[in-house]
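Enquirer: Build me a structure from this.
(one chain, ligands or ions: 1)
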Amino acid sequence: MKKVLVTYLILLLAGVALFTGCQKSGIDIGIAMPETHVARWVTDGAKLKENAEALGYTAEVTFGDADQTKQNKQIQDFITKGVKLIVVASINTGINTVLADAKKEGIEIISYDRLLMDSGDFNYYMTFNLEKVGTLQGQAIIDALDLDNATETKYITLFGGSPTDNNAYFFYKGALDVLRPYIDKGILQVVGPFPKTHTDKETFQQIATPGWRAEEAKKRMENLLTGDAKDYVLDAVLAPNDPVGRAIVEACMNDAKYDSIAKLPVVTGQDGELATVQYILEGKQYMTVFKDSRELAKATIQLADAILKKKTPNIPGTVKTTFNTNVKDVTTYLLDPVLVTKDNVKKIIIDSGYYTPEELKTIGQ
Ligand code: GAL
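Expert: Alright, predicted model coming up:
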């Protein structure tokens with residue numbers, strides 16, 4: 001009799017341990033955003049969760065603080081919680097080990113905005129037309145400087161995004177494609193390092209912004225102003241995103257050659273960040289490329305829904321193509337980025353309600 005009781009007790013404890021050990025948390029979709037020092041990811045995380053819940057899914061958002069080890073732990077946690085799908089923008093390819101773990105568990109993965117590289121463990125990528133982002137930046141410089149009618153050489157210095165972010169090379173390619181003819185004709189002269197192609201990763205490192213950190217860009221701009229650009233008056237700076245653009249403006253404003261809005265070079269950007277809306281309205285930053293995260297999040301969750309329901313995805317407002325991860329081609333959906341300057345910033349970003357009235361009050365709008 002005693003033996004039977006002991007056996008029952010062991011089975012009972014094992015059952016409880018099994019249940020609590022692999023108890024599913026009920027989270028359907030894990031949303032892993034890379035960092036918060038670039039403001040746009042906070043907005044993206046919120047919009048993704050909002051869209052997931054609107055379709056009846058439970059979702060959890062994490063931020064990796066630009067630390068891939070930290071983000072990997074967050075993704076492992078999603079796996080333990082039994083998520084069915086993960087939406088992720090990584091920091092670097094150090095993520096690939098946990099992507100493999102997720103795949104082993106049958107978890108689908110959507111690469112969000114930044115392409116997951118050197119991995120074959122996912123099938124879908126959702127982003128904006130990357131090259132067009134760069135083309136809009138380059139064309140904005142051409143238009144702002146009226147290069148088609150230039151009678152004297154104009155001077156530009158170049159900044160790239162984080163060297164661990166595959167997107168950064170496409171942004172640069174798009175800009176170079178439109179600027180190159182003016183450079184080749186000597187109408188536009190590059191001051192400082194000049195990667196002649198987006199595949200020249202060695203030279204790209206010299207214009208890159210590690211981790212997309214604004215303070216890195218500010219330091220580099222300060223060094224340029226007292227170094228390579230000392231004997232020039234810069235007419236433009238190619239900046240890959242808004243925090244880098246604003247950092248470049250700050251460095252310029254501290255230099256006697258550029259210390260008023262009228263003397264600033266044309267500075268580009270990307271992401272339509274709130275602080276940049278103010279800079280554009282003040283004339284400090286010439287443009288940004290608006291990538292409406294409301295649209296990106298909506299399209300991503302529509303894709304997630306189709307995947308989870310095993311339906312053929314049909315994502316309105318996107319162009320379907322493929323991108324290669326160096327391991328395989330993945331099905332890719334591209335949304336259309338929009339040029340924003342002083343002329344249309346109110347209509348595109350403010351009147352469209354992208355920022356709340358409270359947020360706009362913080363910048364005095
Ligand atoms: C890229 C993204 C850009 C910008 C940048 C900095 O991957 O495509 O829009 O956000 O990261 O976070």
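Enquirer: Pull stretch 59-76 out as CSV, backbone CA atoms only.
Expert: The C-alpha atoms that make up stretch 59-76 are tabulated as CSV, following Å, rounded to 0.1, in the frame of the first residue of the first chain:
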residue,chain,number,x,y,z
ALA,A,59,1.9,40.0,-27.9
GLU,A,60,4.9,41.1,-25.9
VAL,A,61,7.4,43.7,-26.9
THR,A,62,11.1,43.7,-25.8
PHE,A,63,14.0,46.1,-26.5
GLY,A,64,17.5,44.8,-26.9
ASP,A,65,19.3,48.1,-25.9
ALA,A,66,21.6,47.5,-28.9
ASP,A,67,23.0,44.5,-27.1
GLN,A,68,22.6,41.3,-29.2
THR,A,69,23.3,39.0,-26.1
LYS,A,70,20.5,40.8,-24.3
GLN,A,71,18.1,40.4,-27.3
ASN,A,72,19.0,36.7,-27.6
LYS,A,73,18.0,36.2,-24.0
GLN,A,74,14.7,37.9,-24.8
ILE,A,75,14.1,35.7,-27.8
GLN,A,76,15.0,32.6,-25.7
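Enquirer: what does the stretch 1-150 of the chain have sitting close to the ligand?
Expert: Taking Cβ under 6 Å from any ligand atom as the contact definition, the stretch 1-150 of the chain meets the ligand at V38, R40, D113, R114. Yep, even glycine has a C-beta here, placed from its N, CA and C like the rest.
Enquirer: Pick the one among those residues closest to T362.
Expert: Using Cβ to Cβ, R40 is the member of those that lies nearest T362, at 16.2 Å.
Enquirer: What sits closest to the closest one if chain neighbours are left out?
Expert: Using Cβ to Cβ, 6 or more residues apart in numbering and skipping the chain neighbours, the partner closest in space to R40 is D271 (4.4 Å).
Enquirer: Nearest to A299 among the residues of the stretch 1-150 of the chain next to the ligand?
Expert: When these are compared for distance to A299 (Cβ to Cβ), D113 comes out closest, at 11.0 Å.
Enquirer: Give the burial count for A144, as a bare number.
Expert: Counted with other Cβ atoms under 10 Å, the burial measure for A144 works out to 18 neighbours.
Enquirer: and if you look at Q137?
Expert: Counted by other Cβ under 10 Å, the residues lying close to Q137 total 31.
Enquirer: residues in contact with the nearest residue to it once chain neighbours are set aside?
Expert: For Q137, ignoring the flanking residues on the chain, the nearest one in space by Cβ to Cβ, 6+ apart is T268 at 4.1 Å. If you count contacts by Cβ atoms under 8 Å, 6 or more residues apart in numbering, T268 has them with 137, 140-141, 175, 236-240, 245, 285-288.
Enquirer: just to revisit the earlier point, am I right that the residue nearest to R40 is in a strand?
Expert: No: when classified by DSSP: H, G, I helix; E, B strand; the rest coil, D271 is found to be coil rather than part of a strand.
Enquirer: Next one: it from V42, what distance?
Expert: When distances are taken as Cβ to Cβ, to the nearest Å, D271 and V42 turn out to be 11 Å apart.
Enquirer: and these two? which has more neighbours close in?
Expert: Regarding D271 and V42, a neighbour count based on other Cβ under 10 Å identifies D271 as having more, with 24 against 16.
Enquirer: My guess is that one contacts W41. True?
Expert: No: under the criterion of Cβ atoms under 8 Å, D271 is not in contact with W41, lying 9.5 Å apart.
Enquirer: Is I86 part of a helix or strand, or is it coil?
Expert: Judged by three-state DSSP, the three-state class of I86 is strand.
Enquirer: Got phi/psi on the residue nearest to Q137?
Expert: Here is the backbone geometry of T268 (degrees, to the nearest 10): phi -90, psi -180.
Enquirer: Check T62 too.
Expert: Reported as degrees, to the nearest 10, the phi and psi values for T62 are phi -130, psi 160.
Enquirer: tell me the helices in the stretch 1-150 of the chain, going along the chain?
Expert: According to DSSP state H, counting those that start in this stretch, the stretch 1-150 of the chain carries its helices in the segments 2-21, 40-54, 68-80, 96-104, 130-144.
Enquirer: looking at those helices, which is buried most?
Expert: With neighbours defined as mean count of other Cβ atoms under 10 Å, the helices of the stretch 1-150 of the chain peak in mean count at helix 130-144, which reaches a mean of 23.
Enquirer: After that helix, which helix or strand is next?
Expert: Reading on from helix 130-144 to the C-terminus, the next helix or strand found by DSSP states H and E is strand 154-158.
Enquirer: quick check: mean pLDDT across that following strand?
Expert: When pLDDT is averaged along strand 154-158, the result is 98.
Enquirer: Kindly report the same for stretch 335-346.
Expert: Averaging pLDDT residue by residue across stretch 335-346 gives 97.
Enquirer: Am I right that F323 is in a helix?
Expert: No: with the criterion set as three-state DSSP, the secondary structure at F323 is strand rather than a helix.
Enquirer: how much space between it and the ligand?
Expert: Going from F323 to the ligand by Cβ to the nearest ligand atom, to the nearest Å gives 13 Å.
Enquirer: ok, that residue - how many residues close by?
Expert: The tally of other residues near F323 (other Cβ under 10 Å) stands at 19.
Enquirer: do G26 as well
Expert: Around G26 sit 9 other residues, with neighbours defined as other Cβ under 10 Å.
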